[in-house]
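Peer 1: Build me a model from this:
(chains A, B and C)
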Amino acid sequence: MNYEAVIGLEVHVQLKTASKMFTRVAAGYGAPPNTLTDPVVLALPGALPVLNKEALDKIIKAGLMLGCTIAPVCKWDRKNYFYPDSPKNYQISQYDQPICLAGSVEIELPGEARNIMGEHKQIPLTRIHLEEDVGKLTHEVHDSLVDYNRAGTPLMEIVSEPAMHSAEEAFAFLTSLRMTMVQGGISDCDMEKGQLRCDANISIRPIGQTQLGVKVELKNLNSISYVRDGIALEIRRQTAVLTAGGSIVQETRQYDGEAGTSVAMRSKEMAHDYRYFPDPDLLPVQVDAAWRATIQATIPELPYARQRRFITQYQLPYTITAVLVPERALADFFEEVVRLCAHPQAVANWLVNDLRRELAAGGIALAVSKLRPAHIAALVNLVEQGEISMTAAKEVFNDMFQTGEAPAVIVMQKNLKQSTDSGALEHWVQAAIVANPKAVAEFLAGKEQAINAVKGAVMKASQGKANPRLVDELVRRQLLAGKS
Amino acid sequence: MNSSAEINIEYVARLARLALTATEQAKLSQQLGDILHYVDKLKQVEVAGIEPMAHGLPVFNVWAADVVVAGLSVEEALRNAPEQRADSIVVPKVVE
Amino acid sequence: MLAAKSISASELMQAFVARTTAVEGRVHAFNSRDEVGALGLAAASDARRAAGQARGPLDGIPIGFKDVIAVEGQPLTASSKMLANFISPYDATVTTKLKAAGAIPWGRLNLDEFAMGSSTENSAFGATANPWDLTRVPGGSSGGSAAAVAAGEMPVALGSDTGGSIRQPAAFCGLVGLKPTYGLVSRYGLAAFASSLDQIGTLTRTVGDAAQLLQVVAGHDSRDSTSLSTVIPDYSAALQKKSRPWRIGVPKEFFGPGLDAEIGAAVQQALAFYRSAGAEIREVSLPLTAEYAIAVYYLIATAEASSNLARYDGIRYGHRTRVATGAISIYAQSRAEGFGEEVKRRIILGTHVLSSGYYDAYYLRAQKVRTLIRGEFMRVFQDCDVMLSPTTPTAAFKLGEKSSDPLAMYLNDIYTIGVNLAGLPGISLPCGFTAGGLPIGLQIIGQPFGEAEMLTIAHTYEQGHSWHTKYPNL
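Peer 2: As a prediction, this is how the structure comes out:
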């Protein structure tokens, strides 16, 4: 029998704020243990939560970017459970009135080939809500250590509908979501720092059946490739169980990415009974049209929409856009350059190949590079106007990347300007024709490439400064004139 | 609400993380049974269409700007800790 | 008195230290106190006054803190074994304000553990006695605060009121007990019992003292989301104002069976006083409050408490068991050892009413009835400026008299609980004594943020009577 997988993801994304969700002590990663606490974080007697406005702005932005409905009123609930990483022994969350509802994430599946765009589809979302992160437990030999630095960090939970059917789709979902959140400035989504975490609910069913199978929750998918590999493994495991005549047990499994295995987690003593109730310490939030509009105005173009526009507006090849668009800073830079220079393909090539290579080699972020959009625009214009050759342009690029000097200055200092003096050229052309009778004869006999030997001789005589287009024109004119 | 005067003390005590002796359980069952019987009178009140009052006053949108304020030092944070090591709180080994 | 320089802050502090030393063994109002620190602050206050930099009327005045309000560097026990060794690393907002006003934190005062109770018998550190009769309770949960002021160990104290926990002990101890409107005084630094009901308030000898103290602690606090931005009037100045003839509502249900006859008579005399002072007395009705407030209160308060007290687990602070070592058993055992009987009872009840399958029937329904109760109060206030009633159905009862019957104890809060459910201000002031010499309390219930008018009406009564000048023989 053939089975179809049904996958839903629960993604936790830490919001990029200066302070925590419910108190103004600093939020951050990598500080020494328990240095980012205050009475609220530690749940000392008498401490009270106060919402972080920036976290609200950011989740509304995330919701608007993903096409969610922003609830006119949302509220805060306590989720009660005991665990050492949860200082209050309840987590402030949003239970039945989350701030964002519905919406979707656009994903791109792998294409037939690397240079062909794959299929796009929308994966619907159930909801997005805001809550607080917990502390970090480190397990030692005999006991565990708790660090509350992470506790209280604003955490957004994005819940998808069970609408994905392969590990590739889940991978694409997370890739797209991360790209969108990073480009929106909502989170850095660094999975190594725990800023993006993912759990998957996976079931399989015979193809054609509408009823869902028994679902297994897969945890510890702490890198994007683990998400793909872990889910693929779980689908294979469930398929093997059913194929062998067994049945799936509803359980939570822990994925071990290094070993490429998963194990069932110890079943809980009893089903969770979180006793949700509205947090009396926090008042509900009303989001009106004006607030939504303020946030809407800050939203950048979504990555896939931008990619489609780059392809149509600038006639860029898919492969170039696939490199350009996921890096918002690079794509923004590109658009700044093309505002100054009408050769988008040439500009894109410089950015995707040369600029990215140099940035990577130097370990430099684009934002702090000396190279500004005007540099690239000027360089491309020099090439397109025939002022410098491509070889010279590469030299100019490397110089201006290092020094931030304007290309025109470098060209002048290094005397890289192409020669367009037709008097000298005429002379070199004559000399080259005389020196290459064999090539001339072959060309006149109809062998097109033979002209290259003559042109090469001219370029050599000019020490590479002759404008190739002009050389071509003059050589042809003289050869054809001699023929007639 | 017919069976609402009953209370599963063992289940609730486990949820509340309270170890109760058999004597305590028996006593609480009886006392809380009485109280639950008393509060059952609320079912006489017509509440259809009434909004629940979760807060003392109907106010919305109370928040603070995202500006960092200094917190506690590690020493202050751990001052009341029953057990600590390496600037962290020590707890019995937790297995999820 | 201090401003007139008839006595120095140091002399005043020394006098309260001496008085406390003399009577505390019989009253047991304090959980802890720092005499050296208090005397040091008094000396600093004298230095300010000498330099002409006194910070106002509270500069140099000792103030007691119910042992649930945080003062940096001082214990905060909530009268619980759970927090027996806890030292607060921070100040409550009211503490910050009082310190800024030059007041001297003078002692941590006993209460029913985590403010759960009406007698101060539910304290891990022993019961507090009523200074008017040491065999009787001072009321609760702010019993230590009330007893300390009544016994002359301090001039004023802070308490907290969730269902009557300031007004009832004020009534039992012959004091003025003020519970402000929900949201007027910051709760930041008050160990929470029931967050939607708790308010910090004052226990004083006079209405004037209550007004002065409220002036300092009231006002918006950015650390408490439920504290309201509202203009704070000059309460002391308001006391002197002659306003229009008051319309005083008298809820008939608060004078029914169960009300002690002596108390009923004392309150009727107070009504006669107001009538003779030109007030219009109107009978009003609060049927839902009378019938359902206690049930609503015990569902909402215990539900919130079950969650608020989850943080007391012996992990980051507080009592940790030496018996259990497992990750789950350490919680259950630490909490079993750290909490007293009443606290456990309420945690269990609150957990139950929030648990799966019961939420709608109990908690949600209670919240809806709470809406109706607030509506009932607000409708009455359309035709009344304040309401007036007894504070308690009986005077102070004997130690141990009700501690075996929780429900009977809960029913004692019948007149005070509705005020918390509706978020209103309330004040209790002395209006007489029983034949046995026990104080009787008169409750005035104000409109939301109507403290000024409520205090003025209370002050008018106080000016016409001398109950507040009586001291217990200790």
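Peer 1: What's the mean pLDDT across the lengthiest strand in chain B?
Peer 2: Longest strand in chain B by number of residues (criterion: DSSP state E): strand B:88-92. For strand B:88-92, mean pLDDT rounds to 94.
Peer 1: tell me what that strand is packed against?
Peer 2: strand A:143-147 (3 or more CB pairs under 8 Å, 6 or more residues apart in numbering or on different chains; DSSP states H and E). Bear in mind the C-beta positions are built from the backbone N, C-alpha and C, glycine included.
Peer 1: The following helix or strand past the strand it packs on and chain B in contact?
Peer 2: Following strand A:143-147 in sequence order, the next helix or strand is strand A:154-160 (DSSP states H and E). No. Judged by CB under 8 Å from any CB of the partner chain, strand A:154-160 makes no contact with chain B; its nearest approach is 9.3 Å.
Peer 1: Residues touching strand A:154-160, excluding its own?
Peer 2: Contacts to strand A:154-160, defined as CB atoms under 8 Å, 6 or more residues apart in numbering or on different chains, come from residues A:8-15, A:17, A:20-21, A:27, A:52, A:55, A:58-59, A:62, A:66, A:93, A:105, A:123-133, A:173, A:177, A:186-187.
Peer 1: That one: how far from the chain's middle?
Peer 2: Chain-centre distance of strand A:154-160: 18 Å, with CA atoms, centre = their mean, to the nearest Å.
Peer 1: Go ahead and list the helix or strand containing the closest residue to C:Arg370 other than its chain neighbours.
Peer 2: Closest residue to C:Arg370 apart from its sequence neighbours, by CB to CB, 6 or more residues apart in numbering or on different chains: B:Met53 at 4.3 Å. Per DSSP H and E: B:Met53 is located in neither a helix nor a strand.
Peer 1: Okay, now the sheet partners of the longest strand of chain B, with direction.
Peer 2: Strand pairing for strand B:88-92, determined by DSSP bridges: strand A:143-147 (antiparallel), strand B:84-85 (antiparallel).
Peer 1: Need the contact partners of that strand.
Peer 2: Taking CB under 8 Å, 6+ apart as the rule, strand B:88-92 contacts A:33-34, A:84, A:137-138, A:143-148, B:78, B:81, B:83-84, C:315-316, C:325-327, C:330.
Peer 1: Need the CA coordinates for that strand. CSV is fine.
Peer 2: Extracted C-alpha coordinates of strand B:88-92, given in CSV (Å, rounded to 0.1, in the frame of the first residue of the first chain):
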residue,chain,number,x,y,z
SER,B,88,23.6,28.3,38.6
ILE,B,89,20.7,26.9,40.6
VAL,B,90,21.2,23.2,41.4
VAL,B,91,18.2,20.9,41.0
PRO,B,92,17.8,17.2,41.1
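Peer 1: Next, format the strands paired with strand B:88-92 as CSV and append mean neighbour count and mean pLDDT.
Peer 2: Output for the strands paired with strand B:88-92, formatted as CSV (neighbours: other CB atoms under 10 Å in any protein chain shown; pLDDT from 0 to 100):
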stretch, mean neighbour count, mean pLDDT
strand A:143-147, 20, 96
strand B:84-85, 16, 96
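Peer 1: In JSON lines: those strands, plus distance to A:Val383.
Peer 2: Listed next are the strands paired with strand B:88-92 as JSON lines, based on distance: least, CB to CB, whole Å:
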{"stretch": "strand A:143-147", "distance to A:Val383": "55"}
{"stretch": "strand B:84-85", "distance to A:Val383": "65"}
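Peer 1: mind listing what the residue nearest the centre of chain C touches?
Peer 2: The residue lying closest to the centre of chain C (CA atoms, centre = their mean) is C:Ile166, at 2.2 Å. Residues in contact with C:Ile166, defined by CB under 8 Å, 6+ apart, are C:142, C:145, C:159-160, C:177-179, C:201-203, C:428.
Peer 1: Restricted to strands, list these.
Peer 2: Using DSSP E to define strands, the subset of the contacts of C:Ile166 located there is C:159-160, C:177-179, C:201-203, C:428.
Peer 1: what's the residue closest to the geometric middle of chain B?
Peer 2: Centroid-nearest residue in chain B: B:Ala16, 7.1 Å away (criterion: CA atoms, centre = their mean).
Peer 1: Tell me how many other residues crowd the closest residue in space to that one that isn't next to it in sequence.
Peer 2: Leaving aside its chain neighbours, B:Ala16 sits nearest to C:Thr351 (4.2 Å; criterion: CB to CB, 6+ apart). The burial count assigned to C:Thr351 is 28, neighbours taken as other CB atoms under 10 Å in any protein chain shown.
Peer 1: Could you grab the helix/strand/coil label for C:Thr351?
Peer 2: Secondary structure, DSSP: H, G, I helix; E, B strand; the rest coil: C:Thr351 is helix.
Peer 1: Was I right to think it contacts B:Leu15?
Peer 2: Yes. At 5.3 Å, C:Thr351 and B:Leu15 qualify as touching, with contact defined as CB atoms under 8 Å.
Peer 1: show me the residues around the residue nearest to C:Arg370 that make contact.
Peer 2: Applying CB under 8 Å, 6+ apart, the residues near B:Met53 are C:367-368, C:370-371, C:374.
Peer 1: swap in A:His139?
Peer 2: Residues near A:His139 by CB under 8 Å, 6+ apart: B:93-94.
Peer 1: Model confidence for it, exactly?
Peer 2: 93.
Peer 1: Report the beta-bridge partner residues of it.
Peer 2: A:His139 has these beta-bridge partners by DSSP bridges: A:Ser144.
Peer 1: Quick check: it vs A:Glu4, distance?
Peer 2: Here A:His139 is placed at a distance of 38 Å from A:Glu4 (CB to CB, to the nearest Å).
Peer 1: Return the distance of the longest strand of chain B from the chain's centre.
Peer 2: Distance of strand B:88-92 from its chain centroid, counting by CA atoms, centre = their mean, is 23 Å.
Peer 1: Contacts only, for A:Tyr95.
Peer 2: Going by CB under 8 Å, 6+ apart, A:Tyr95 touches A:77, A:79, A:276.
Peer 1: nearest residue to the last one other than its sequence neighbours?
Peer 2: Excluding its sequence neighbours, the residue lying closest to A:Tyr276 (CB to CB, 6+ apart) is A:Tyr95, at 4.3 Å.
Peer 1: Check whether A:Ala62 really touches A:Ile186, as I assumed.
Peer 2: Yes. Contact criterion CB under 8 Å: A:Ala62 and A:Ile186 qualify, at 4.9 Å.
Peer 1: Touching both of these two, which residues are there?
Peer 2: A:13, A:156.
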